[in-house]
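1. any chance you could fold what I've pasted below:
(one chain, ligands or ions: 1)
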Amino acid sequence: MEAEKVTGVDDAAGQSAAGAKPRREKIVLDTPDFSDYRGILIVVEQRAGLAKKVSWQLLGEGRKLAQKLDTELMALVIGSDVGELAQEAIYRGADKVYLCDSEELRDYRTRPYSQICLHAIATVKPEIVLIGATYWGRDLAGAIATHLPTGLTADCTQLDVDENRLLMASRPAFSEKMLATILCKQYKPQMATARSGVFLALPRDPSRSGAIIPIPAQMSADEIATEVLAFLEQTERVNLEDAEIIVAGGRGLGGPEPFALLQELADALGGVVGASRPAVDAGWIEHDHQVGQTGSTVRPKLYFAIGISGAVQHVVGMQHSDVIVAINRDPDAPIFKVANFGIVGDLFAIVPAITKAVRERRQLPFQSKSSVVEAVASTSG
Ligand SMILES: Cc1cc2nc3c(=O)[nH]c(=O)nc-3n(C[C@H](O)[C@H](O)[C@H](O)COP(=O)(O)OP(=O)(O)OC[C@H]3O[C@@H](n4cnc5c(N)ncnc54)[C@H](O)[C@@H]3O)c2cc1C
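-> Next up is the predicted model:
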């Protein structure tokens, strides 16, 4: 690596105080040799022995990158009683799993988990490390990166490799108006966190086999300063990323009350309610319901886009849903271009009719919590 060292101080005319030009010397900094760094390592996020979907999605994407680089795909599983999860990581695409299984690792804590990751990176020497951009992953990746002479590209939505084996980690930048591709040219491992719901997990394949290599915990229980006393589940917070059915509403709802209509349909289908950004910005619904570029990226089996026009910033967050049903009174709304089924009409007539049909089909009692639903249902017969 080359850098320029300047000695002497410029005056206003660009001359040094002594009248001579400032002295500029080229100094050459040693670039460490990372040529023995090979392979891709995915750090698996788990809670109570259950992996987060993003970990399997990263193994799916990691498999593609590993194929391009002709290298190994590895996983790191940390926790207590997580042997089965290590096996699961093999079924989900890993060639090899490093497993750190110890009672004191039952709950996530930054220091012991990051120490294990650092030890694994120093031993395994992967050229790429990928972690989910969840609260857990952001905390862990940051803690690891501060101890390594390398960068960290956070919150990626696209991953690829170039002909020089460099990771091309792309993420929205400048208030999400453009996509920036970031390379880490000099140092290894190249590290990135990636959004949930963006990449596709591989189908589970129990015929796959691979090595599971135990690694030691790096800290004993009394060296860990923090203790987890209890977990308080935030039950009101909607989990869009794991939802299989999402009923999302947009500005076309015209206010907060009609979200009760969407909740009725979501309840009948066993799904959750999503929203476009204007509905969130207007305060009609909480931000954790927002789908899109600045909200969640979702991949449900069924996605209803109701009173949503289909702006690119919304579509980018839901376009990979298995089946998309759009309800809009404008036949030219762009949402119909990504929808598998489109219904042109007034949502206030269509949504209650669908809810009613679903309830009848599933033999659910009609228990409307919403006066809007009752009013429409009684007029529509
Ligand atoms: C940097 C940036 C980031 C962004 N991030 C996001 C994001 O994460 N998520 C997001 O959603 N947006 C995001 N946006 C905003 C995005 O550009 C659009 O403005 C937004 O998605 C539009 O929301 P909408 O479809 O609800 O509203 P509109 O575009 O106003 O569409 C409302 C639709 O409702 C229909 N409608 C009205 N009344 C009825 C009715 N009675 N029955 C049926 N249909 C009806 C209309 O025909 C219309 O198509 C972002 C924008 C920027 C600049």
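2. for the stretch 201-350 of the chain, list the residues in contact with the ligand, please.
-> Proximity of the stretch 201-350 of the chain to the ligand, by Cβ under 6 Å from any ligand atom, involves residues 250-252, 276-279, 290, 292-295, 307-309, 311, 313-314, 317, 327-330, 333, 346-348. Every residue, glycine included, has its C-beta placed from N, CA and C.
3. buried subset of those as a PyMOL selection?
-> In PyMOL syntax, the buried subset of these is picked out as below (16 or more other Cβ atoms under 10 Å):
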select buried, resi 250+251+252+276+277+278+279+290+292+293+295+307+308+309+311+313+314+317+327+328+333+347+348
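4. show me what the longest helix along the chain is packed up against.
-> Secondary structure of the chain read by DSSP state H shows that its longest helix is helix 53-69. Judged by 3 or more Cβ pairs under 8 Å, 6 or more residues apart in numbering; DSSP states H and E, the packing partners of helix 53-69 are strand 40-44, strand 73-79, strand 128-132, strand 158-161, strand 190-194.
5. could you redo the last one with a cut-off of 10 Å?
-> Applying 3 or more Cβ pairs under 10 Å, 6 or more residues apart in numbering; DSSP states H and E, we find helix 53-69 packed against strand 40-44, strand 73-79, helix 83-91, strand 128-132, helix 135-145, strand 158-161, strand 167-173, strand 190-194.
6. distance from the chain centre to stretch 161-171, please.
-> On the basis of Cα atoms, centre = their mean, to the nearest Å, stretch 161-171 sits 19 Å off its chain's mean C-alpha point.
7. can it be found next to the ligand?
-> No. Stretch 161-171 does not reach the ligand (Cβ under 6 Å from any ligand atom); its nearest approach is 13.3 Å.
8. quick one: the helices in the stretch 251-381 of the chain?
-> Using DSSP state H, counting those that start in this stretch, the helices assigned to the stretch 251-381 of the chain run over residues 259-269, 277-281, 312-315, 335-338, 347-361, 371-380.
9. now tabulate those helices in TSV and tack on mean pLDDT.
-> Conversion of those to TSV gives the following (pLDDT from 0 to 100):
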stretch	mean pLDDT
helix 259-269	97
helix 277-281	98
helix 312-315	94
helix 335-338	98
helix 347-361	96
helix 371-380	45
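10. now the ones you listed as TSV including distance to residue 46?
-> What follows is the helices of the stretch 251-381 of the chain, written out as TSV (distance: least, Cβ to Cβ, whole Å):
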stretch	distance to residue 46
helix 259-269	28
helix 277-281	30
helix 312-315	31
helix 335-338	33
helix 347-361	34
helix 371-380	40
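11. any idea which of those helices is most buried?
-> Of all the helices of the stretch 251-381 of the chain, helix 259-269 has the most neighbours on average by mean count of other Cβ atoms under 10 Å, namely a mean of 22.
12. can I get it as PDB, trimmed to CA atoms?
-> C-alpha atoms of helix 259-269 as PDB (Å, rounded to 0.1, in the frame of the first residue of the first chain):
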ATOM      1  CA  PHE A 259     -56.500  -1.000   9.400                       C
ATOM      2  CA  ALA A 260     -59.100  -2.900  11.500                       C
ATOM      3  CA  LEU A 261     -60.500  -4.300   8.200                       C
ATOM      4  CA  LEU A 262     -57.000  -5.600   7.300                       C
ATOM      5  CA  GLN A 263     -56.500  -7.000  10.800                       C
ATOM      6  CA  GLU A 264     -59.800  -8.900  10.400                       C
ATOM      7  CA  LEU A 265     -58.600 -10.500   7.200                       C
ATOM      8  CA  ALA A 266     -55.200 -11.200   8.700                       C
ATOM      9  CA  ASP A 267     -56.800 -12.900  11.700                       C
ATOM     10  CA  ALA A 268     -59.000 -15.000   9.400                       C
ATOM     11  CA  LEU A 269     -56.000 -16.100   7.400                       C
END
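13. got the angle for it vs helix 347-361?
-> For helix 259-269 against helix 347-361, the angle by axes from the mean of the first three to the mean of the last three Cα atoms, to 10 degrees is 20 degrees.
14. tell me which other helices or strands helix 259-269 touches.
-> With contacts taken as 3+ Cβ pairs under 10 Å, 6+ apart, helix 259-269 sits against strand 245-249, strand 272-275, strand 302-306, helix 347-361, helix 371-380.
15. can you give me the angle it makes with strand 245-249?
-> Using the same axes, to 10 degrees: helix 259-269 against strand 245-249 is 170 degrees.
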